[in-house]
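K.L.:
this one's sequence-less:
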Ligand code: HEC
């Protein structure tokens with residue numbers, strides 16, 4: 001009997017573990033909008049970008065639309081935000097794009113996922 005009970009506990013533990021894996025997977029895909037905005041605010045991104053309105057840089061909604069359905073979007077924006085590549089301004093001059101300051105990869109991913117979700 002004791003053995004049977006422990007087997008059912010093992011089985012239940014397995015179901016629980018699966019549930020946790022699924023939950024973690026779901027959490028990974030979820031975007032923390034407030035945290036993303038805070039990252040953008042701290043980095044002064046809004047000086048040159050609006051979510052809906054173009055300033056010196058394109059509106060992020062327009063960026064999301066441009067990359068919609070493109071599998072390389074995330075990698076593209078990671079490069080854009082971490083390498084200081086040349087950015088073309090509306091008046092035609094070019095300067096290195098701001099390199100984003102984040103605490104870790106997760107913060108960067110959350111910011112990019114958010115921009116692409118707009
Ligand atoms: C000094 C102004 C300025 C600041 C600050 C700035 N950007 Fe930009 N950004 C630009 C300009 C100009 C472009 C257009 C680049 C081009 O098309 O060559 C751009 C383009 C972009 C794009 C589109 C890239 C693409 O591949 O289409 C994204 C996304 C972006 N910026 C995000 C950010 C984020 C996030 C921050 C804050 C960490 C930020 N920007 C800060 C000026 C700025």
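P.N.:
Looks like it came in fine. All of these numbers come straight from a predicted model, not from anything done at the bench. Numbers count the residues shown, from 1 in each chain.
K.L.:
C-alpha from now on. contacts and neighbour counts both.
P.N.:
Fine.
K.L.:
This protein against the ligand: which residues are in contact?
P.N.:
Residues of the chain found near the ligand (C-alpha under 6 Å from any ligand atom) are 40, 43-45, 47-48, 56-58, 63, 77, 87-89, 97-98, 100.
K.L.:
These in helices, which ones?
P.N.:
Secondary structure from DSSP state H places 40, 63, 77 of the residues of the chain next to the ligand in helices.
K.L.:
which one of the residues you listed sits closest to residue 52?
P.N.:
Using C-alpha to C-alpha, residue 63 comes nearest to residue 52 of these, at 10.0 Å.
K.L.:
For burial, what's the neighbour tally of that closest one?
P.N.:
18 (other C-alpha atoms under 10 Å).
K.L.:
right, and it touches residue 113 too?
P.N.:
No. Residue 63 lies out of contact with residue 113 (C-alpha atoms under 8 Å); the separation is 11.8 Å.
K.L.:
Pull up the overlap in contacts between these two.
P.N.:
Among the neighbours of residue 63, none is also in contact with residue 113 (C-alpha atoms under 8 Å, 6 or more residues apart in numbering).
K.L.:
which residues in the chain form helices?
P.N.:
2-29, 33-42, 60-67, 73-82, 105-117.
K.L.:
Show me the shaky parts of this structure.
P.N.:
Low-confidence segments of the chain (pLDDT under 70): 1-29.
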